[in-house]
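Trainee: Quick one, what's the 3D model for this:
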Amino acid sequence: MAVEVANESEISVDEGALAGVCRYVLDAMEVSPLAELSVLCVDVDYMASLHERWMGEKGPTDVLAFPMDELDTGRPDDPDPGPALLGDVVLCPAVAVRQARAAGHSMADELLLLATHGVLHLLGYDHMEPDEEKEMFGLQSKLLEGWRSVPRESVTGEPVEPEQR
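Mentor: Numbering: from 1, shown residues only. Now for the predicted structure:
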């Protein structure tokens with residue numbers, strides 16, 4: 001799965017881990033390996049402008065998801081459908097820092113949670129209603145637990161092969 005991460009914020013982030021957790025979530029959710037996803041980290045001002053423009057709310061937020069294509073983009077008579085561009089997940093590390101402090105964990109952990117949350121939004125999950133929230137947040141926790149349960153390469157975020165452990 002192609003996951004591209006770009007950091008345009010003033011805060012350093014682990015781009016490999018963000019790409020890795022997104023690939024893990026897409027794989028766990030059985031999304032086509034041809035799917036493509038973009039993750040963009042932005043500063044507070046840019047996130048605030050996106051939040052106001054697209055959600056009608058003032059101030060920055062932690063994560064926004066912008067879906068592009070439907071997952072089933074191939075025609076029924078097309079034996080080899082092309083890749084589906086799922087969309088963009090936009091993260092604000094400055095907001096993640098504040099939330100991480102309040103929650104008592106690291107910014108890196110908060111960004112992994114937010115990236116997972118954004119990907120689930122791209123896949124159609126929402127949390128507007130109590131039952132939707134329970135389902136989405138439960139799935140989010142399960143996915144993050146699965147991600148953390150596997151030893152990872154420090155540079156790429158890829159799982160360590162058993163013989164390398």
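Trainee: helix, strand or coil for residue 138?
Mentor: Under DSSP: H, G, I helix; E, B strand; the rest coil, the three-state class of residue 138 is helix.
Trainee: For it, give me its contacts.
Mentor: Residues near residue 138 by Cβ atoms under 8 Å, 6 or more residues apart in numbering: none. The C-beta positions use only the backbone N, C-alpha and C, and glycine is treated the same way.
Trainee: Kindly report the same for the one 5 residues further on.
Mentor: Under the criterion of Cβ under 8 Å, 6+ apart, the contact list for residue 143 reads 24, 25, 28, 116, 120.
Trainee: if you set the cut-off to 10 Å instead, what comes out?
Mentor: Residues in contact with residue 143 (Cβ atoms under 10 Å, 6 or more residues apart in numbering) are 21, 24, 25, 28, 29, 112, 113, 116, 117, 119, 120.
Trainee: Please tell me I have it right and the fifth one contacts residue 139.
Mentor: Spelled out, that is residue 29. Yes: contact between residue 29 and residue 139 holds when scored by Cβ atoms under 10 Å: they sit 8.6 Å apart.
Trainee: List the single closest residue to residue 97 in space, sequence neighbours excluded.
Mentor: With Cβ to Cβ, 6 or more residues apart in numbering as the criterion, residue 97 has its nearest non-adjacent residue at 4.9 Å, and that residue is residue 107.
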